[in-house]
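S.K.: Sharing a sequence plus its predicted fold:
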Amino acid sequence: MDRMFWDQMASLENRMEAMFRTFGAWTPSRARVGVLAARPFVPAMDVIARNGDFIVRMDLPGIDPARDLAVTAEPGQLTVHGERREVAEADEKGYQRLETFQGTFERHIALPEGTPLDKITAEYANGVLEMVVPSAPKQAEAKPKKITVKTPVLAGS
């Protein structure tokens, strides 16, 4: 491949990074990771539909769920707030490069209308937080109904 191709690829990468930065969802290219200042920690999340329920999984290794994790539910929104603390041993071992992220984070997940908030469960095991959001109770399907249009009675008709 010629140099022009690689220059175009680098230009495309720079434009994509600028676009993602605009939306607050920027992750650096591999070449830039080593020169970055601290950036916000945003844990990866998967949302899976299973048997009408939603399963939300977040990768949160190195978190003490009893101390550093809070899950709250309110109508229309599930919020996960937590903190990954800096590892004290990093200073002792003289690391030259750390690519793990520390700091506080907060993720918001939209909930369908009518979700029974008291039935949402959360479990943390092996560095993964798994929340089960049960489906909203089924409402009776509305049947079509004919609406009669009334007209005023005119005097003398």
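M.R.: Yep, it's here. On a predicted model such as this, the values are computed, not experimentally measured, just so you know.
S.K.: going forward, measure contacts between C-alpha atoms and count neighbours the same way
M.R.: OK.
S.K.: Pull out the buried positions in the top helix by length along the chain.
M.R.: In the chain, with assignment by DSSP state H, the single longest helix is helix 3-22. The neighbour-count check on helix 3-22 (16 or more other CA atoms under 10 Å) flags Glu17 as buried.
S.K.: Next secondary structure after it?
M.R.: Per DSSP states H and E, the first helix or strand lying C-terminal to helix 3-22 is strand 45-50.
S.K.: counting contacts, what elements does that next one pack onto?
M.R.: Judged by 3 or more CA pairs under 8 Å, 6 or more residues apart in numbering; DSSP states H and E, the packing partners of strand 45-50 are strand 53-59.
S.K.: lowest-confidence helix or strand of this structure?
M.R.: Of all helical and strand segments in the chain, the minimum by mean pLDDT, DSSP states H and E falls on helix 89-93, at a mean of 57.
S.K.: Report the buried residues of the helix or strand following that one.
M.R.: The element immediately downstream of helix 89-93 (helix or strand, assigned by DSSP H and E) is strand 103-110. Residues of strand 103-110 include none that count as buried (16+ other CA under 10 Å).
S.K.: what's next to strand 103-110, contact-wise?
M.R.: 40-43, 76-86 (CA atoms under 8 Å, 6 or more residues apart in numbering).
S.K.: quick one, domains of the chain?
M.R.: Domains of the chain are assigned by automatic domain parsing as 1-28, 37-133.
S.K.: Can you say which of those is nearest to Val153?
M.R.: Val153 lies closest to domain 37-133 among the domains of the chain, at 43.8 Å (CA to CA).
S.K.: List the contacts of the helix or strand where Tyr124 lies.
M.R.: Using DSSP H and E, Tyr124 sits in strand 121-125. Here strand 121-125 makes contact (CA under 8 Å, 6+ apart) with Pro65, Val71, Leu129, Glu130, Met131, Val132, Val133.
S.K.: Quick check: what element follows it along the chain?
M.R.: Downstream of strand 121-125, the first helix or strand assigned by DSSP H and E is strand 128-133.
S.K.: That following strand to strand 121-125, inter-axis angle?
M.R.: In terms of direction (axes from the mean of the first three to the mean of the last three CA atoms, to 10 degrees), strand 128-133 departs from strand 121-125 by 170 degrees.
S.K.: tilt between strand 128-133 and strand 45-50?
M.R.: Using the same axes, to 10 degrees: strand 128-133 against strand 45-50 is 40 degrees.
S.K.: Using CSV, write out the CA atom coordinates for strand 128-133.
M.R.: Output in CSV follows, covering the C-alpha atoms of strand 128-133 (Å, rounded to 0.1, in the frame of the first residue of the first chain):
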residue,chain,number,x,y,z
VAL,A,128,-19.5,-8.1,36.3
LEU,A,129,-22.6,-6.3,37.6
GLU,A,130,-25.8,-8.0,36.3
MET,A,131,-29.1,-6.3,36.7
VAL,A,132,-32.4,-7.9,35.7
VAL,A,133,-35.2,-5.5,34.7
